[in-house]
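1. build me a model from this:
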Amino acid sequence: MFENTAECSRCGKDFPCSNPLSICDRCGGAILLRYDLDKISEKVSKDALSRRRDSFWKFLEFLPLSSSKSIVSLGEPYTPILQLTNIDGNRFKNLFVKDEGRLPTGTFKARGMAVAVSKLKELGIKHVAIPSAGNAASALAAYGSKAGMEVYAFMPKDVPDTILKESVYLRAKVYLVDGLISHAAKIVEKLKEKYEWFNLSTNKQPYRFEGYKAMAYEIAEQFDWNPPENIFFPTGGGEGIIGLWKGFKEMIDLGWIEKIPRLILVQSSGCAPLVKAYNDGELEVKEPWKNARTIAAGLRVPYPYASYLILRALKETNGVAVEVSDEEIVSSMKTFLKNGIYACPEAASTLAALERIRENGMLDIDERILLCVTGNVIKYFDLLRLEKNKIPLLSKDADSLGQNRLD
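-> Now for the predicted structure:
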């Protein structure tokens, strides 16, 4: 593998990559890994990549691992690009979905955790901890278990039961917190020295970004190295946006693509600190969102760490930030299901945001639009209400469907 370096995204301080990295010890900024792209391009080409097996590990040279032997994998596939043509009221000619729900544990979080766990195992880390709204914890539990790590997960007490069971049975040491993810994050940091775990919090280490960065490479290849003009991404902590931005920037430097897609960040109106900061023209989130509340647990992050980096990604890509209501999210979940797309509430927010932007005339009808479906609805069916007694009940010897019908 090729040697890489690391630097603080805020003050520019350099860091050696031979030790586990967290945040900048000088200014508290988020650390980003850097690669010698000129050297990598001498050995790796788009044509060479096309001959490799379709998995994000095919971009190994652009990941922080020293050897392919370090990979901790659960059989990650390429996630498909699907075209949407039957959305009521849709006037866009080129509307696509990237279905990340096909990944292990059913969410895009598998990308970040696969890379992070692989690198931390390589560095000799045996104990890791994470504050999570749910899906990051279960993904870490899955990869940590495969790597033989001890995983501590701290989640709000109202985390969906399915994700709680998932994390427990994946052998994580789970603790529920009487508060939000921000309170869980404080516990992880406060007890870090006492319990000697590595803090894998969102944006507080550089490794998870690299897994999401690989998603950008994957998207570019799937669009024949001409990525779509617009990418909608549901955002809580913001690591997905940062990863996509970082990946597309690298491909610009490599000369593999000509333009970075516009990144469109989506939040719930019940917790939209990044949307507020964007609308106010701020460089970062100034204060935590009060009374954060939304059915999309992954979007309930009242004070995202390193928000300046998320907003920088929007600015550099001419992106925008949009908020949608929980009612719009549920409606979009149902619309996705009618089209065979199993979108979790966070992911469904992208379709709701498209409707908002369509009303404002911000996108050209011919532009290509990619909605990132970041997770599978399977864990969230309890959000979709259904009155079972209204479903027709047939006798066991019925010879007709009768007069009733389920619409």
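
2. show the contacting residues for the residue most central in space within the chain.
-> Centroid-nearest residue in the chain, with CA atoms, centre = their mean: G240, separated by 4.3 Å. G240 makes contacts with F108, Y212, M215, F233, P234, C372, T374, as judged by CB atoms under 8 Å, 6 or more residues apart in numbering. Every residue, glycine included, has its C-beta placed from N, CA and C.

3. and with 6 Å instead?
-> Y212, F233 (CB atoms under 6 Å, 6 or more residues apart in numbering).

4. host element of it?
-> helix 239-254 (DSSP states H and E).

5. buried residues, that helix. List them.
-> Buried residues in helix 239-254, defined by neighbour count with 16 or more other CB atoms under 10 Å: 239-251, 254.

6. roughly how far is it from the heart of the chain?
-> 14 Å (CA atoms, centre = their mean, to the nearest Å).

7. C-terminal to it, what's the next element?
-> Downstream of helix 239-254, the next assigned helix or strand under DSSP H and E is strand 262-268.

8. show me what that next one is packed up against.
-> Contact partners of strand 262-268 among helices and strands, from 3 or more CB pairs under 6 Å, 6 or more residues apart in numbering; DSSP states H and E: strand 230-234, strand 320-324, helix 345-360.

9. returning to that earlier point: how far off strand 262-268 does the helix holding G240 point, in degrees?
-> Here helix 239-254 runs at an angle of 180 degrees relative to strand 262-268 (axes from the mean of the first three to the mean of the last three CA atoms, to 10 degrees).

10. for the stretch 151-300 of the chain, just list every one of the helices.
-> 161-169, 181-190, 192-195, 207-222, 239-254, 273-279 (DSSP state H, counting those that start in this stretch).

11. can you measure across stretch 377-395, start residue to end residue?
-> End-to-end distance of stretch 377-395 (CA to CA, to the nearest Å): 32 Å.

12. sorry, back to before: which one of the helices and strands packed on strand 262-268 lies nearest to T79?
-> Nearest of those to T79, taken as CB to CB: helix 345-360 at 11.9 Å.

13. count of neighbours near F56?
-> F56: 26 surrounding residues under other CB atoms under 10 Å.

14. just to check, it is in contact with M215?
-> No - taking CB atoms under 6 Å as the definition, F56 is not a contact partner of M215, at 7.1 Å.

15. what sits against Y175?
-> So Y175 contacts F154 (CB under 6 Å, 6+ apart).

16. ignore the last one, E189
-> With contact set as CB under 6 Å, 6+ apart, E189 has no partners.

17. go again using 7 Å as the cut-off
-> N199 (CB atoms under 7 Å, 6 or more residues apart in numbering).

18. likewise L60?
-> Applying CB under 7 Å, 6+ apart, we find L60 in contact with S68.

19. that one belongs to a helix?
-> Yes - checked against DSSP: H, G, I helix; E, B strand; the rest coil, L60 lies within a helix.

20. R52: how many residues sit nearby?
-> For R52, using other CB under 10 Å, the count is 12.
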